[in-house]
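J.: mind folding the following:
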Amino acid sequence: MSPLSSARFPVPLEWGVSPGPEAVPAARWLVGAIVREWGVPLADDAFQDLELCASEVIANALLHTGDRCAVTVLRRPGRLRVEVADRCPVLARRERGVEATGGRGLLLVEALAEAWGWCPRGDGKVVWFEFPEEREAPCPTRGWGTAPGLAAA
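T.: Below is the predicted model of the structure:
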């Protein structure tokens, strides 16, 4: 049974992801489904960036441990956070070299997410990233209505 079918929203939602060929696309889809179900206001490009970051962090956890990871999606006022916990105590290296064959996933997360980081947990770690919710601001023309994505003056 999918965590999405039994969860009550909005609450932090956590589920396990086992290694396998369909694990990352399925987990990415579930992150997106949760965000949509919660009605989190994100622009289309921010939503795509969120899904890409989720894919990268989940793929790193599965690739570098060869074991299950736990994905948690949290919503706090004005912020959406995704955490991926695994059983490897070290962070994957972020490669910047042109000839590097890996290590670009965390560079993408660093570039796309508003904030990201990691911390030790038990015998492993948690890698997390955050995106801000889009805010609706008063429309600048005559002050009627709202305009999504505009900052309030």
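J.: from what I see, residue 23 and residue 16 are in contact.
T.: No - judged on C-beta atoms under 8 Å, residue 23 makes no contact with residue 16 at a distance of 10.1 Å. From N, CA and C alone the C-beta is placed, and that goes for glycine too.
J.: ok, those two, which is more surrounded?
T.: Between residue 23 and residue 16, residue 23 has the larger neighbour count (other C-beta atoms under 10 Å), namely 17 against 11.
J.: the residue nearest to that one when sequence neighbours are not counted: neighbour count?
T.: Nearest residue to residue 23, sequence neighbours excluded (C-beta to C-beta, 6 or more residues apart in numbering): residue 17, at 5.3 Å. Neighbours of residue 17 under the rule other C-beta under 10 Å: 20.
J.: equivalent analysis for residue 113, please.
T.: When neighbours are defined as other C-beta under 10 Å, residue 113 has 23 of them.
J.: ok, what's across the strand from the residue nearest to residue 23?
T.: In this structure, residue 17 bridges to residue 69 when assessed by DSSP bridges.
J.: pretty sure it contacts residue 72?
T.: No - look at residue 17 against residue 72 with C-beta under 8 Å: they stay out of range, at 11.1 Å.
J.: OK, contacts around residue 21?
T.: With contacts taken as C-beta atoms under 8 Å, 6 or more residues apart in numbering, residue 21 has no neighbouring residues.
J.: now it: phi and psi?
T.: phi -60, psi -30 (degrees, to the nearest 10).
J.: where do the strands sit along this structure?
T.: Applying DSSP state E to the chain gives strands spanning 13-17, 69-76, 79-86, 115-121, 124-132, 136-138, 146-148.
J.: which of the ones you listed sits closest to residue 43?
T.: Minimum separation from residue 43 across those (C-beta to C-beta) falls at strand 146-148, 7.7 Å.
J.: any low-confidence regions in the protein?
T.: Within the chain, the segments meeting pLDDT under 70 span 1-11, 92-103, 135-153.
J.: how close does residue 79 get to residue 65?
T.: Separation of residue 79 from residue 65 (C-beta to C-beta, to the nearest Å): 27 Å.
J.: apologies, that question was intended for residue 48.
T.: In this view, residue 48 and residue 65 are 26 Å apart by C-beta to C-beta.
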